[in-house]
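1. no sequence for this one, just the structure:
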């Protein structure tokens, strides 16, 4: 039966090529632009650590003074002072924990004729690598004792290894960062979370060098992202009244998260009793919540996605109209089929098959439009642009959206068609 | 034109008529909001900034030994000024839209909390001329003020004087002259000695519209935080001047990481994402309008085909070609009007919803008006083809059986 409907539908679609191609291309344009925008949105708002992000948490406390404080309405600060970060890390209350900050690292190549260059650097503590599931090509991360001893070691990204050492196993060799030499202990495989949530955001290739926090501070490195809540000496960030470190935690269960939240409240209470803190607000945000909270995804991309769905809706309405036009034109044919014994359900099914074919064709063409759109986006100068590619999931999604929208669009015409009364149509002929 | 027969005919074809109305309404709603977003993007990209944007080149000097900054700066500047075509050169902490963001909250009264992040610029001697600031009132900094000022360990300027933006002057002291007034930060105060035409802040996209034109300038003697050199020349010389400047500085500061850019390019790069956005929106709008037009053409053609016989009869009983043409045009006009009215309501509702839930501002009424007009014209344009075909139906059709 299905193959008969298929045959009928193809015949009917062939009979009016102009109307058919109008329907297919309108649907394809809607689907194509939707997929384009969804790909960009997924790229920007996707999960930076697939498979791990559910267990990654970010605590927040508030060291700001009482000025302007309304209890219950204040938002805790989105970073830590050195003192608080170290206090939290020392307790080791979470399964894994790391204090992280981004900085600009000046690499001074010692061989060849490479000029000094800047790369994005990260200063962190040892748990950073296992917690974020960072993959290594050679060597490994550093140990906690390296952290404590401020040992001058460094983990470098694959692209830095390629640039400095031609991609060979460089573990044990030296890299000069700023004025000091650091010994390579690990070389990463490609690792570039989008966005680079742990060091100020941004898209593109990942960070270039990773240093133990204490070693970086001992070498006089300093982050350029800091926020000072009161006046004070800012030359040494270890004592300055400024927040600049992110503290990331791995908490494996809901119970662990609750325990940690209680611990945070306890910690802040303790600080208030010691007179260091005034504000008691704390927060413990999961990675995805935190990303939303920090508004890391550009708002206009969300806007564009909403717009693309509005556009798809227009395309669907358009397809409904055209399908309806087609089906009303075939009133006689339907009348004859009904008179010969076809049930309403049969007619409905026949028209839905026709709509489905339009959906599939729209999907194929939509895919082409989406690829064209993404190709255009890749040629734009935006930071995320080179990463805009269609993956398997989006590929499947294209057909799903196309099929669902065409079936939705086909429903009204099919319903109208199956309600056509056979007697009138046959009599008129 | 009699519209009653049109209405009764539309009544008979309720569903297709409603679909056209709905499609026009949706297109109108989406178009208004999209064009509004494009308008905002363009306003951002075009935001004026009262510095010599076309003549500036900026060289950032990274990773130099802080101990040698002061001695090196006079020598570097002298070398830059010696390049042919250079009109002015100075060291500065950052340029508008630059990467090294430095904010503070500044107020007109000592006990107030500021709601706005003001961008702070620290200028080395001659910085006002090198940037091309436009002085509206008061004066620029004196040589002593440059020599006396530096950054305290708390990262606050030890200067006593500042230049401020016109917008800030108006915001802080409405109706009064800002000259001689005190401006307050945390535990610090400065006297306003000059007001300049509005210069953009450091990150208007991130800082929001309120802080867009909140900029304040401090004098500063040579120090490590003045790590950008701005070089001003005639626009036609700037490429060569930048090349020469990079070469000169590369020789003088062999250990430093130099990055040079023409200011116009810096600005273009900063707004690249916004421009992309505007382009994508425009593409979506054009394609959407095309789809809507094709939809109208498709449905009307079908309609005309279905009514060939009636048209023939009308022609046979005396209607002219023009009558038939006008019939379909009027019909489309009625449908478009209904669609546009509905669309304006939709569009407004979408804007209100976005305003309440996201950081979107209110859409001015003329966007709705323009959207409505565009859809009207589109409808009339789309219907013309099928209507002309209808007008060509010969009266003889009436006499033929179907």
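-> Arrived safely, thanks for sending. Keep in mind that this is a model prediction, so the values were computed, not measured.

2. separation between residue A:218 and chain B?
-> 17 Å (C-beta to the nearest C-beta, to the nearest Å). The way it works is simple: take the backbone N, C-alpha and C, and place the C-beta from them, glycine included.

3. what's around the nearest residue to that residue once chain neighbours are set aside, how many residues?
-> In space, and not counting its chain neighbours, residue A:218 is closest to residue A:150: 4.5 Å by C-beta to C-beta, 6 or more residues apart in numbering or on different chains. Burial measure for residue A:150: 16 neighbouring residues, criterion other C-beta atoms under 10 Å in any protein chain shown.

4. what about residue A:150, distance to chain B?
-> In terms of C-beta to the nearest C-beta, residue A:150 sits 21 Å off from chain B.

5. the stretch 301-402 of chain B against chain A: which residues are in contact?
-> B:302, B:303, B:305, B:306, B:354, B:358, B:359, B:360 (C-beta under 8 Å from any C-beta of the partner chain).

6. make a markdown table out of these and add neighbour count and secondary structure.
-> Formatted as a markdown table, these follow (neighbours: other C-beta atoms under 10 Å in any protein chain shown; DSSP: H, G, I helix; E, B strand; the rest coil):
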| residue | neighbour count | secondary structure |
| --- | --- | --- |
| B:302 | 21 | helix |
| B:303 | 21 | helix |
| B:305 | 13 | helix |
| B:306 | 15 | helix |
| B:354 | 19 | helix |
| B:358 | 11 | coil |
| B:359 | 11 | coil |
| B:360 | 20 | coil |
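
7. if we can go back for a sec, the residue nearest to residue A:218 against residue A:214, yeah?
-> Yes: if you go by C-beta atoms under 8 Å, residue A:150 and residue A:214 touch, sitting 3.8 Å apart.

8. what helix or strand is the residue nearest to residue A:218 located in?
-> Using DSSP states H and E, residue A:150 falls within no helix or strand.

9. relative to residue A:92, how far out is it?
-> Residue A:150 sits 19 Å away from residue A:92, going by C-beta to C-beta, to the nearest Å.

10. ok, back up a step: closest to residue B:384 among the residues of the stretch 301-402 of chain B next to chain A?
-> Nearest to residue B:384 among these, counting by C-beta to C-beta, is residue B:303 at 14.1 Å.

11. how about the contacts made by that closest one?
-> A:325, B:13, B:16, B:386 (C-beta atoms under 8 Å, 6 or more residues apart in numbering or on different chains).

12. tell me which two of these sit farthest apart.
-> B:13 and B:386, at 14.4 Å, using C-beta to C-beta across the contacts of residue B:303.

13. tell me which of those two has more neighbours.
-> Taking neighbours as other C-beta under 10 Å, residue B:13 and residue B:386 compare with residue B:386 leading, 21 against 17.

14. ranges for the helices of the stretch 201-350 of chain B?
-> For the stretch 201-350 of chain B, the helices defined by DSSP state H, counting those that start in this stretch cover B:204-207, B:238-252, B:263-270, B:272-306, B:308-316, B:321-357.

15. mind putting the ones you listed into TSV with distance to residue B:369 and mean pLDDT?
-> Shown next, in TSV, are the helices of the stretch 201-350 of chain B (distance: least, C-beta to C-beta, whole Å; pLDDT from 0 to 100):
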stretch	distance to residue B:369	mean pLDDT
helix B:204-207	29	80
helix B:238-252	43	93
helix B:263-270	32	92
helix B:272-306	16	85
helix B:308-316	35	87
helix B:321-357	8	91
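
16. so which of those helices is the most packed in?
-> Across the helices of the stretch 201-350 of chain B, averaging neighbours per residue (mean count of other C-beta atoms under 10 Å in any protein chain shown) puts helix B:272-306 on top, at a mean of 20.

17. now that helix and helix B:263-270, what's the angle there?
-> Angle of helix B:272-306 versus helix B:263-270, following axes from the mean of the first three to the mean of the last three C-alpha atoms, to 10 degrees, is 60 degrees.
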